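> let's see this in three dimensions:
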Amino acid sequence: MSWIDLLRMSISNLRRRKLRTFLTVLGVVIGTASIVVMISLGLGMQESLYREVEQSGGLTMVKVRGKQAGDTMMYSGDQEKESEKYVKDDTIEELEKLPHVTFVTPVYSTQVMFLKGKYEGYGELVAMNPEGLKAQNIELASGSLPKTNTSHLDLVYGNGIPTMFYEKGSGKGYYDTGELPEIDFAKDPIFMILDQEGYMNQQENSAGGALGGSGADTGESSGGSGREAQAKTVEKHVVMASGIVAGDVDTYNANYYNIYCDLDTLKQMLKKEFAGRAIPGQPTTKSGKPYKEFCYSYAQVKVDELDQVNAVAEMIRGMGYEVETNAEYLETMKSQFAIVQAVLGGIGAVSLLVAAIGIANTMMMSIYERTKEIGVMKVLGCRLSNIRTMFLVEAAAIGLIGGAVGNLLSFGMSGVINFITGSGAAMGFDGNISYIPWWLVLLSMGFAVLVGVTAGYFPARRAMRLSPLAAIRSE
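Okay, here's the model as predicted:
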């Protein structure tokens, strides 16, 4: 009996009992869709991690942290292991001299406040030199990276910055009203305040003056005048956008909440405004005076080869600094994602196991109903291997059809999940939370066919062992 004849008979047998075949295929569809969607969730998280690492300079980028400076909150490590050294200009020079180091960029991060009409907002200002900004691989929707050697500060706004603006009176923002501020961040000039403490004091003094106008009659005005004089030194810097990070407010990425600017320009502004005072995020002496050298939040070191990252990291640790590498971070997260994928895949595999039991049941019922047919085939000289192959082809066909339809269903379910979660933004992911690569489609279909063949193997062996005479006499 040829393969064409076997295939024709198998398809004919499946079509004879449409409802039973449909229900069995439906079990495979549900099992395949479950396992694909479950694994796709783990793959989506992994792809988001890869994009985040790429936006942080790639696997050859090393982050060097020193002693926490002032009020900066950038340090996230164990406080007991914090370095006793600050990251300063001489630190940058030391790091640049290390072997396999391509470049080093200092980074200064500070919280700033923005004012525009009836709105006020807050954000994390991240200052780097041009080389460091390019290494961030920032995808811009419009404009360019900040210009250097200018008298004014150009900013690159993260695409999530509009959500950080609130109405002054009500204090309501995007997450309260669902409406973005009426500000064109690409074109409108905005006031930026570096001295937030001074600005808050000014606001409090203004409110106090309005409520207690009789202070001059009670002899309390002198102290208030001193505070007001200090508050009036707060500068409102007019800033413009040089670029906007690609994506809308529902598209999360590593640059979502950041605002980037040129480091040298910001340092000049800080030193001018805070002359004689400690700059925010900078250490002070025991007497409270400003530290004589400018200290950075951290430094980014670019290594020429991936194989040299660990060696460079150990050299920097030997210098007394804390080191974080994207490669170490990625390896740690990959091991965690492997566990997540195994658990999710196992949950989906249970559904496919139930489908396998359904296939085995269908094949056994088919054998009981076709006993006489099997006996006739044996009497006519059909080989046992042909009978076995016929049943295995039927089981494989159920797995193949169920796997194909299950994958189509999984694409639909994945699309719904990504739509509901706003392409992962609702859960803090960069990109889709569910990601189905083509290799997963092929692997799941192959697995569904394998499950079908495995489930149909023992019924096929039973069909081979039927006695021809007993089969013919059976009703």
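> would you map the strands across the stretch 151-300 of the chain?
Secondary structure of the stretch 151-300 of the chain by DSSP state E, counting those that start in this stretch: the strands cover 154-157, 165-167, 190-193, 237-245, 258-262, 298-303.
> now render the ones you listed as CSV, adding mean pLDDT and distance to Tyr122.
In short, each C-beta sits where N, CA and C put it, glycine included. Conversion of the strands of the stretch 151-300 of the chain to CSV gives the following (pLDDT from 0 to 100; distance: least, Cβ to Cβ, whole Å):
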stretch, mean pLDDT, distance to Tyr122
strand 154-157, 93, 13
strand 165-167, 93, 8
strand 190-193, 93, 10
strand 237-245, 92, 14
strand 258-262, 93, 10
strand 298-303, 89, 21
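> low-confidence ranges, the protein, go.
Flagging of the chain using pLDDT under 70 yields the residue ranges 1-3, 5-6, 9-10, 52-58, 69-83, 207-233, 367-382, 422-431, 460, 463-475.
> extract the C-alpha trace of stretch 253-273 and format it as CSV.
Extracted C-alpha coordinates of stretch 253-273, given in CSV (Å, rounded to 0.1, in the frame of the first residue of the first chain):
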residue,chain,number,x,y,z
ASN,A,253,11.4,52.5,27.1
ALA,A,254,14.6,52.9,29.0
ASN,A,255,14.6,56.7,28.3
TYR,A,256,10.9,57.2,29.2
TYR,A,257,11.3,59.4,32.3
ASN,A,258,14.8,60.8,31.6
ILE,A,259,15.7,64.3,30.3
TYR,A,260,19.2,64.5,28.7
CYS,A,261,21.4,67.5,28.4
ASP,A,262,25.1,68.5,27.8
LEU,A,263,27.2,68.1,30.9
ASP,A,264,29.6,71.0,30.4
THR,A,265,26.7,73.5,29.8
LEU,A,266,24.9,72.3,32.9
LYS,A,267,28.0,72.5,35.1
GLN,A,268,28.5,76.1,34.1
MET,A,269,24.9,77.0,34.9
LEU,A,270,25.2,75.2,38.3
LYS,A,271,28.4,76.9,39.3
LYS,A,272,27.1,80.3,38.4
GLU,A,273,23.7,79.9,40.2
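> flag every buried residue along stretch 277-289.
Buried residues in stretch 277-289, defined by neighbour count with 16 or more other Cβ atoms under 10 Å: Ala278, Ile279, Pro280, Gly281, Gln282, Pro283.
> any chance of the strands of the stretch 151-300 of the chain in TSV, plus distance to Ala448 and mean neighbour count?
Output for these, formatted as TSV (distance: least, Cβ to Cβ, whole Å; neighbours: other Cβ atoms under 10 Å):
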stretch	distance to Ala448	mean neighbour count
strand 154-157	48	24
strand 165-167	51	20
strand 190-193	56	20
strand 237-245	42	19
strand 258-262	45	23
strand 298-303	45	22
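> reformat these as a markdown table; add distance to Thr60.
A markdown table is the format used below for the strands of the stretch 151-300 of the chain (distance: least, Cβ to Cβ, whole Å):
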| stretch | distance to Thr60 |
| --- | --- |
| strand 154-157 | 23 |
| strand 165-167 | 36 |
| strand 190-193 | 33 |
| strand 237-245 | 23 |
| strand 258-262 | 21 |
| strand 298-303 | 5 |
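> of all those strands, which one comes closest to Ile339?
Relative to Ile339, the nearest member of those by Cβ to Cβ is strand 298-303, separated by 29.0 Å.
> from the contact counts, what lies against the closest one?
The helices and strands touching strand 298-303, judged by 3 or more Cβ pairs under 8 Å, 6 or more residues apart in numbering; DSSP states H and E, are strand 61-65, helix 89-96, strand 101-116, helix 130-135, helix 309-318.
> 7 Å - rerun?
strand 61-65, helix 89-96, strand 101-116, helix 309-318 (3 or more Cβ pairs under 7 Å, 6 or more residues apart in numbering; DSSP states H and E).
> which of those is buried the deepest?
strand 61-65 (a mean of 23; mean count of other Cβ atoms under 10 Å).
> could I have the CA atoms of that strand written out in CSV?
This file holds the C-alpha atoms of strand 61-65, laid out as CSV (Å, rounded to 0.1, in the frame of the first residue of the first chain):
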residue,chain,number,x,y,z
MET,A,61,29.2,49.2,28.9
VAL,A,62,30.4,49.3,32.5
LYS,A,63,28.8,51.6,35.2
VAL,A,64,31.2,52.9,37.9
ARG,A,65,29.8,54.3,41.1
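> which residues does that strand contact?
Counting contacts by Cβ atoms under 7 Å, 6 or more residues apart in numbering, the residues outside strand 61-65 that touch it are 75, 77, 83, 87, 95, 135, 298-303, 309, 312-313, 316, 321-326.
> and Val354, which of the strands of the stretch 151-300 of the chain is closest to it?
Val354 sits nearest to strand 237-245 of all those, at 46.2 Å, using Cβ to Cβ.
> just the angle between the closest one and strand 101-116, please?
Counting by axes from the mean of the first three to the mean of the last three Cα atoms, to 10 degrees, strand 237-245 lies at 120 degrees to strand 101-116.
> which residues sit against strand 237-245?
Residues from elsewhere that reach strand 237-245, judged by Cβ under 7 Å, 6+ apart: 138-147, 153-159, 185-186, 189-192, 194, 255, 269.
> go again with 6 Å.
140-144, 146, 153-159, 185-186, 189-190, 192, 255 (Cβ atoms under 6 Å, 6 or more residues apart in numbering).
> out of the strands of the stretch 151-300 of the chain, which gets nearest to Ala396?
Nearest of these (Cβ to Cβ): strand 237-245, 50.0 Å.
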